[in-house]
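>>> Below is the sequence, then the predicted model.
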Amino acid sequence: MEQTAPNPEELRLQDADLAWLIQRSGTGDQSALMALYDVTSKFLFGVVSQILSESALAEEVLLEVYTQVWRQAGSFDPARRTPTAWLIMLTRTMAFTHVRSGRYGLQRKKPGPKTGQEQESGPVDLTERQLAVRSGLQSLSPEQHDVIDLAYHTGLSHNEIALRLEQPARAIKMRMRLGMLKLGELLGGTGAGKGDGATS
Amino acid sequence: MKHEQATAEIQETAALYALGSLNQHEMREFEFHLGEGCPICRAEAGRFEKVVAEMAMGVAERNPPSYIRDLLAARIDKEPRAVPAPVQTEAPRSEVVEKNVPAAAPSLILSQPAPDRSLLTWFISVACAVAAILSIYAWRRSESAKLGFQESAHAAQVESDQLRAILEAERGRAREWEPIFAALTERGTKIILLSGQAAAPTAAAAVIWAAGKEQWIFSGRFPPPPPGKTYQLWLLTPRVKINAALLKTDGAGHSFAKFEVPQDLARQVTQAEVTMEPEEGSALPSWPIYAIGKAGP
């Protein structure tokens, strides 16, 4: 008997569910892709909007992201990447590709001193994970923080960052590596890749 | 080539890859290497991708417009089957090479008696021929792939342009709905529903009067008018016919307009009519009436 996609309301926020939906999408199950959209689109639209300031373009990229998910779901390998990481990488790659293509004459969104929900006005409830990310970023040296923040928010290449900060490219790459290693250690205990999905 | 341990250089490349900070050439090179199945680099890339994913978890969620979901459903309906990416379906190149070359091959070759000169010449000729054939084959595959990419890129561009047009149309509709919704939530709003007449039986429209805002809104659908003609809206009071608005229609016959009517006359409107007039409009309505509706009590 063929399985059908679960009702999004019943989905738990687990990578296993997302992986299952992606794999079902890979077999041509449209209802699985739509269920995946229902549980991840708010989050991924937030990721896209963090990179692209123009709302219309962000919508277009979001649509392209899920079209690519549909096309590439068959090649998704859960042993290599968590579904959350796969979706985020795909989303960020597509958003930065649009920025780099310059077809729309857009400017990259300028990185702010804060990330994520910190950009919202007024008080917000940060989850344990968001607090851990904020704390992790604050624990980096200012030099590491600056290069990672620039890279994360703008998708600038290491050479471009080196030019912008007027620093040697070698130093920029080293700061990125050391900063990312440190972040990885700090966030490792928060459940990085341990099962929480990018679901709403 | 598969790496045996994670060096600083590998970590650097993997970290930059996860952050999206490799330049395009470096990124393609690294992705090709990952496609070869290097476990060290895959592990490093996966590790840093998790860090980037964690950073993204702090993002504020946003509700995408509902029509994106509809567009996605329509789009995948045209592509009923997902196609796995070729990189993942092919065996990594290095593994193929390793499987096809037995470990003992060099010693076996060394233990063979030395070939005579004619055999050596024949062997070199055959090897050259095989190399030439392989080169031609590789070149043709590369050309074919290039052509395929160009066609895909063109198709994607066309699809993207179509999508943009649809999105723009949807955005236009959304902009139209905003004042309508706002008017409908106002107290004292009146609606006149117009139904198509013999000249346009499929026509349908509504005139909304938000009394509090002194704003009139028209939304309707009519058969596209012939060149040089346009639809015109009239509001009727017991004493006068008010020339309310010229109605522009889009390719599908949809029409939307906001207009104003003097407040003293607005309260006396009992009926609305739509007629077809010359492009510049008429002072008085001509015949026939394309749609008509009466105001409620």
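Yes, it's here. Only a predicted model underlies this, so the values are computations on that prediction, with no experimental measurement involved.
>>> separation between the nearest residue to A:F76 once chain neighbours are set aside and A:Q72?
Spatial nearest neighbour of A:F76, chain neighbours left out: A:I22 (4.9 Å); criterion: CB to CB, 6 or more residues apart in numbering or on different chains. No exception for glycine: its C-beta is placed from N, CA and C like everyone else's. Distance, A:I22 to A:Q72, by CB to CB, to the nearest Å: 9 Å.
>>> Look at these two and report which has more neighbours.
Just comparing A:I22 and A:Q72: by other CB atoms under 10 Å in any protein chain shown the higher neighbour count belongs to A:I22, 24 against 20.
>>> so who does the more buried one touch?
A:I22 makes contacts with A:A32, A:L36, A:V69, A:A73, A:F76, A:P83, A:W86, as judged by CB atoms under 8 Å, 6 or more residues apart in numbering or on different chains.
>>> still on that earlier bit, secondary structure element holding the residue nearest to A:F76?
helix A:15-26 (DSSP states H and E).
>>> That helix: what's the following helix or strand?
Next element after helix A:15-26 (DSSP H and E): helix A:30-51.
>>> okay, B:E61: pLDDT?
If you check B:E61, the pLDDT there is 86.
>>> For B:I217, give me its contacts.
Here B:I217 is in contact with B:P179, B:I180, B:A183, B:V207, B:I208, B:W209, B:A210, B:F256, B:A257, B:K258 (criterion: CB under 8 Å, 6+ apart).
>>> Quick check: B:L72 vs B:R42, distance?
From B:L72 to B:R42 the distance is 30 Å (CB to CB).
>>> out of these two, which sits in the busier spot?
B:L72 (24 against 19).
>>> which residues touch the more buried one?
A:L33, A:M34, A:Y37, A:L63, A:Y66, A:T67 are the contacts of B:L72 under CB under 8 Å, 6+ apart.
>>> Surely the third one and B:L71 touch.
No: at 10.9 Å, A:Y37 does not count as touching B:L71 under the criterion of CB atoms under 8 Å.
>>> quick one: which of the two has more around it?
Taking other CB under 10 Å, A:Y37 and B:L71 do not tie; A:Y37 has more neighbours (26 against 21).
>>> Kindly provide the distance from that one to B:D70.
From A:Y37 to B:D70 the distance is 11 Å (CB to CB).
>>> What is the helix or strand A:E185 falls within packed up against?
Here A:E185, judged by DSSP H and E, is contained in helix A:169-188. If contacts are counted by 3 or more CB pairs under 8 Å, 6 or more residues apart in numbering or on different chains; DSSP states H and E, helix A:169-188 sits against helix A:128-138, helix A:142-154, helix A:158-165, helix B:8-19, helix B:39-56.
>>> angle of the fourth one against helix A:169-188?
The reference is to helix B:8-19. Computed by axes from the mean of the first three to the mean of the last three CA atoms, to 10 degrees, the angle separating helix B:8-19 from helix A:169-188 equals 70 degrees.
>>> So is helix B:8-19 next to chain A?
Yes: contact of helix B:8-19 with chain A (CB under 8 Å from any CB of the partner chain) involves B:A8, B:Q11, B:E12, B:A15, B:L16, B:A18, B:L19.
>>> B:A145 looks like it's in a strand, true?
No: under DSSP: H, G, I helix; E, B strand; the rest coil, B:A145 falls outside any strand and is assigned helix.
>>> That one: what's it in contact with?
B:A145 sits in contact with no residue, where contact means CB under 8 Å, 6+ apart.
>>> what is the mean pLDDT for the helix or strand that contains B:W139?
Using DSSP H and E, B:W139 sits within helix B:117-184. Per-region confidence: helix B:117-184 scores 74 on mean pLDDT.
>>> Tabulate the contacts of B:I217 (TSV), appending neighbour count and distance to chain A.
Output for the contacts of B:I217, formatted as TSV (neighbours: other CB atoms under 10 Å in any protein chain shown; distance: CB to the nearest CB, whole Å):
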residue	neighbour count	distance to chain A
B:P179	17	20
B:I180	18	21
B:A183	21	25
B:V207	26	31
B:I208	20	27
B:W209	24	32
B:A210	20	27
B:F256	19	20
B:A257	18	24
B:K258	15	23
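>>> Tell me which helix or strand the residue nearest to the spatial centre of chain A sits in.
The centroid of chain A falls nearest to A:I88 when counting by CA atoms, centre = their mean (3.4 Å). Assigned by DSSP H and E, A:I88 belongs to helix A:83-101.
>>> Would you mind confirming that B:A199 makes contact with B:Y290?
Yes: between B:A199 and B:Y290 there is a contact under CB under 8 Å: 5.0 Å.
>>> Now do the shared contacts for these two.
Joint contacts of B:A199 and B:Y290 (CB under 8 Å, 6+ apart) are B:M276.
>>> of the two, who's got more company?
B:Y290 (23 against 16).
>>> Check which helix or strand that one maps to.
Here B:Y290 is assigned to strand B:289-294, by DSSP H and E.
>>> What of B:A245?
Here B:A245 sits within strand B:241-247, counting by DSSP H and E.
>>> Report the buried residues of that strand.
B:I242, B:N243, B:A244, B:A245, B:L246, B:L247 (16 or more other CB atoms under 10 Å in any protein chain shown).
>>> of those residues, closest to B:H3?
Nearest to B:H3, judged by CB to CB, of those is B:L247 at 69.3 Å.
>>> what bridges to that closest one?
Beta-bridge partners recorded for B:L247 (DSSP bridges): B:Y231.
>>> What's the per-residue pLDDT of it here?
91.
>>> That one contacts B:Q232, doesn't it?
Yes: in this structure, B:L247 is within contact of B:Q232 by CB under 8 Å, at 6.6 Å.
>>> Mutual contacts of the two, please.
B:V274.
>>> In the buried residues of strand B:241-247, find the pair that's most separated.
Maximum pairwise distance in these, criterion CB to CB, is 14.4 Å, between B:I242 and B:L247.
>>> hang on, B:A199 is in a helix, isn't it?
No: in this structure, B:A199 is coil, not part of a helix, as judged by three-state DSSP.
>>> wait, what's in contact with it?
So B:A199 contacts B:M276, B:P288, B:I289, B:Y290 (CB under 8 Å, 6+ apart).
>>> one more time with 6 Å
B:P288, B:Y290 (CB atoms under 6 Å, 6 or more residues apart in numbering or on different chains).
>>> what do you get for B:P225?
Contacts of B:P225 by CB under 6 Å, 6+ apart are B:M276.
>>> redo that, cut-off 7 Å
Counting by CB atoms under 7 Å, 6 or more residues apart in numbering or on different chains, B:P225 touches B:Y231, B:T249, B:M276.
>>> Tell me the most packed of those residues, by neighbour count.
B:Y231 (28 neighbours).
>>> And that one, how far from chain A?
Remark: distance between B:Y231 and chain A (CB to the nearest CB, to the nearest Å) = 30 Å.
>>> Please apply the same query to B:I292.
Using CB to the nearest CB, B:I292 is found at 39 Å from chain A.
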